[in-house]
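Peer 1: Here is my input, please return the structure:
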Amino acid sequence: MLADDTRFPAAVYKDTVLGPLFDGSKVHFTGDLMRINFAHGVMLAEQDICAKDDMSKILAALRQIEGALNPAGMEYTGAFEDLFFYVEGELTRRLGADLAGMLHTGRSRNDMDHTVFKLQLKRRLATLLDQLGALIETLTTVATHNQETLVVAYTHGQPAQPTTFGHYLGAFIEVLLRDFDRLLHAGKALDLCSMGAAAITTTGFAIDRQRMADLLGFGAAQENSYGCIAACDYITGVYGAMQVMFINLGRFIQDLNQWTGFETGHLYVPNAFVQVSSIMPQKRNPVPVEHLRLISSLGAGRCATIINVMHNTPFTDMNDSEGEVQIAGYGAFDTAERALSLLADLMSAVQIDEEKVRRHIDESCITITELADSLVRAEGISFRQAHGVSGKLARQVMDSKSTLSQADFDSFVAAFEGQIGRAPSLGESDFRRLLTPEHFIAVRERPGGPAAPALSRSLAGYRSTLTERRTQGRKLEQSLVAADERLRAAVDRYVAA
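Peer 2: Presented below is the predicted three-dimensional model:
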């Protein structure tokens, strides 16, 4: 047996666990720990659990401690186990153990910890929602300016049909709005205060849980005290929603990467976002797109780390959901800020190379579906018959290395007669018009389609939805700001007295 085997903390435990936890806690949790101290003190006095004169002294001492705290200069020595005991030690030094000890009546580090974690996530989620809203607003503006800008829509990696850049961006905007909703929903669990659960079963003291929630900026107290300590779905809910968001960002960014490639070349990235080669003079490398893909993957991975830590853990109080994993998760928010701001600025700067897009539309014959559709309407034949006529024409064009706009009208007539057994009523001028991408898009005016009336309605709907969602998201931050004012005023009443 070692001579100092009873001395806490063991050096290795101090260096590998307690020290790193303290260093992270002092940076991230000091402010919210003090908020909880102030709020709990006010509530104890209001409930006559602690004499008001005594609480005035405690709150005044807490203000002195708060003013003197310098997280950057705090070093972990092992004299106190963690940040909570460090602050309690400072309070004891000023007031003595008996008076200082009153503050901890009816609470535990357990309910305090989860309340701190929720406050931190709530604040970060509010910022994330604001950043996501800014990206959606930017994309909606870009889509509005590009309602008629042609692009190629791909299926299975091959050119499929023409659409507009505005219509394409609309699909991504809808995805991001659903990401916004998922994050808002996750925020509902963050808005439930854990204070009052104490260790896990509440307390026999007549505490006011709703008052604590109100002073700290929560919408309500979380109902079940066991769940306040054991249920970690407020963590997995947030990082699950964020992971889906990062995955959605990555899929869109991968399209951008393809569109900027030389062989496709549909998206022009301006020089401000282009790096050159150190050896090849001709190179224009739009590497911000690659960095966006990387950042999104890192973000998804960081979210997955937090979710995986929660996997297969017991439904009770546990370190697996506490300080170290909480701090590790904050990197995902930092990553999201980088991705969302870079993508917003990039999308404001890029342009579609319409000349190249139009050439590829023509070469790939992707307007041929509308010729088939139009033949059904104009000639009174079945779609399968029209598909046969149009397909034969497309194969002839591709076999001849020509383009659809150069298709021979007589070849179309022959294909029609061979399939239907009569000449078409369609004239050459209408035949040429039906093959244009403008006509293809103009007739697709059903709800959600790329035609101007339909797309305009969609974009107006996105703007309206975004305004509503951003208002909801800002309530998270506003509730915390308002609570700080209420808490300060409540403390003032006791300290001034």
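Peer 1: Can you list the buried residues in stretch 410-417?
Peer 2: Neighbour-count burial for stretch 410-417, counted by 16 or more other C-beta atoms under 10 Å, picks out 412-416. (Glycine included, C-beta is placed from N, CA and C.)
Peer 1: Take those residues and lay them out in CSV including secondary structure and distance to residue 393.
Peer 2: Rendered in CSV, the data for those read as follows (DSSP: H, G, I helix; E, B strand; the rest coil; distance: C-beta to C-beta, whole Å):
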residue, secondary structure, distance to residue 393
412, helix, 5
413, helix, 10
414, helix, 10
415, helix, 5
416, helix, 9
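Peer 1: can you put those residues in TSV and add pLDDT and distance to residue 445?
Peer 2: Formatted as TSV, these follow (pLDDT from 0 to 100; distance: C-beta to C-beta, whole Å):
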residue	pLDDT	distance to residue 445
412	95	26
413	96	30
414	95	33
415	94	29
416	95	27
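Peer 1: Make JSON lines from those and add distance to residue 337 to it.
Peer 2: Supplementary listing: these in JSON lines, determined by distance: C-beta to C-beta, whole Å:
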{"residue": "412", "distance to residue 337": "55"}
{"residue": "413", "distance to residue 337": "60"}
{"residue": "414", "distance to residue 337": "61"}
{"residue": "415", "distance to residue 337": "57"}
{"residue": "416", "distance to residue 337": "58"}
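Peer 1: hang on, isn't residue 250 packed against residue 295?
Peer 2: No. Counting by C-beta atoms under 8 Å, residue 250 stays clear of residue 295, with 9.2 Å between them.
Peer 1: between the two, which one's more packed in?
Peer 2: Comparing residue 250 with residue 295 by neighbour count (other C-beta atoms under 10 Å), the higher total belongs to residue 295, at 23 against 18.
Peer 1: domains in this protein, as residue ranges please.
Peer 2: With automatic domain parsing serving as the domain definition, the record reports that the chain contains domains spanning 11-105, 123-145+163-352+457-481, 368-435.
Peer 1: In a markdown table: those, plus distance to residue 361.
Peer 2: Rendered in a markdown table, the data for the domains of the chain read as follows (distance: least, C-beta to C-beta, whole Å):
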| stretch | distance to residue 361 |
| --- | --- |
| domain 11-105 | 53 |
| domain 123-145+163-352+457-481 | 10 |
| domain 368-435 | 8 |
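Peer 1: Please name whichever of these is nearest to residue 114.
Peer 2: Smallest distance to residue 114 across the domains of the chain (C-beta to C-beta): 4.1 Å, for domain 123-145+163-352+457-481.
Peer 1: Out of the domains of the chain, flag the one nearest residue 449.
Peer 2: Taking C-beta to C-beta as the criterion, domain 123-145+163-352+457-481 is the member of the domains of the chain that comes nearest to residue 449, at 7.5 Å.
Peer 1: Any idea how far the closest one is from the middle of the chain?
Peer 2: Once both centres are worked out by C-alpha atoms, centre = their mean, to the nearest Å, domain 123-145+163-352+457-481 turns out to sit 1 Å from its chain's centre.
Peer 1: again, but for stretch 403-412
Peer 2: Taking the mean of its C-alpha atoms, stretch 403-412 sits 49 Å from the chain's own mean (C-alpha atoms, centre = their mean).
Peer 1: so how far is the first residue of that stretch from its last?
Peer 2: 14 Å (C-alpha to C-alpha, to the nearest Å).
Peer 1: now what about that stretch, what contacts it?
Peer 2: For stretch 403-412, contacts defined as C-beta atoms under 8 Å, 6 or more residues apart in numbering pick out 359, 362-363, 365, 367-368, 389, 393-394, 396-397, 424, 428, 431-432, 435-436.
Peer 1: now do stretch 455-469
Peer 2: In this structure, residues lying in contact with stretch 455-469 by C-beta under 8 Å, 6+ apart are 129, 133, 136-137, 140, 143-144, 147, 164, 166-167, 170, 173-174, 177, 180-181, 184, 447-449.
Peer 1: where do the contact lists of residue 250 and residue 295 overlap?
Peer 2: Common neighbours of residue 250 and residue 295 (C-beta under 8 Å, 6+ apart) do not exist.
Peer 1: Which one of the domains of the chain lies nearest to residue 488?
Peer 2: Closest approach to residue 488 among these (C-beta to C-beta): domain 11-105, 8.4 Å.
Peer 1: And stretch 30-40, what's buried?
Peer 2: 30, 32-40.
Peer 1: Same check on stretch 156-164?
Peer 2: Judged by neighbour count (16+ other C-beta under 10 Å), stretch 156-164 contains these buried residues: 159, 161-164.
Peer 1: Any stretches of the chain with poor pLDDT?
Peer 2: Flagging of the chain using pLDDT under 70 yields the residue ranges 1-5, 497.
Peer 1: Now do the strands in it.
Peer 2: If DSSP state E is used as the criterion, the strands of the chain fall at 150-155, 158-164, 192-193, 220-221, 267-268, 351-352.
Peer 1: which residues touch the closest residue to residue 450 other than its chain neighbours?
Peer 2: Spatial nearest neighbour of residue 450, chain neighbours left out: residue 167 (3.7 Å); criterion: C-beta to C-beta, 6 or more residues apart in numbering. With contact set as C-beta under 8 Å, 6+ apart, residue 167 has these partners: 143, 147, 449-450, 455.
Peer 1: and which of those residues is nearest to residue 490?
Peer 2: If you rank these by distance to residue 490 using C-beta to C-beta, residue 143 comes first, at 47.7 Å.
Peer 1: Surely the closest one is in contact with residue 166?
Peer 2: Yes. Between residue 143 and residue 166 there is a contact under C-beta under 8 Å: 4.1 Å.
Peer 1: Who are the contact partners of residue 327?
Peer 2: If a contact means C-beta under 8 Å, 6+ apart, then residue 327 has 24, 28 as its contacts.
Peer 1: ok, back up a step: check the contacts of residue 167 and tell me the two furthest apart.
Peer 2: By the measure C-beta to C-beta, the contacts of residue 167 have their two most distant members at 143 and 449, which lie 14.1 Å apart.
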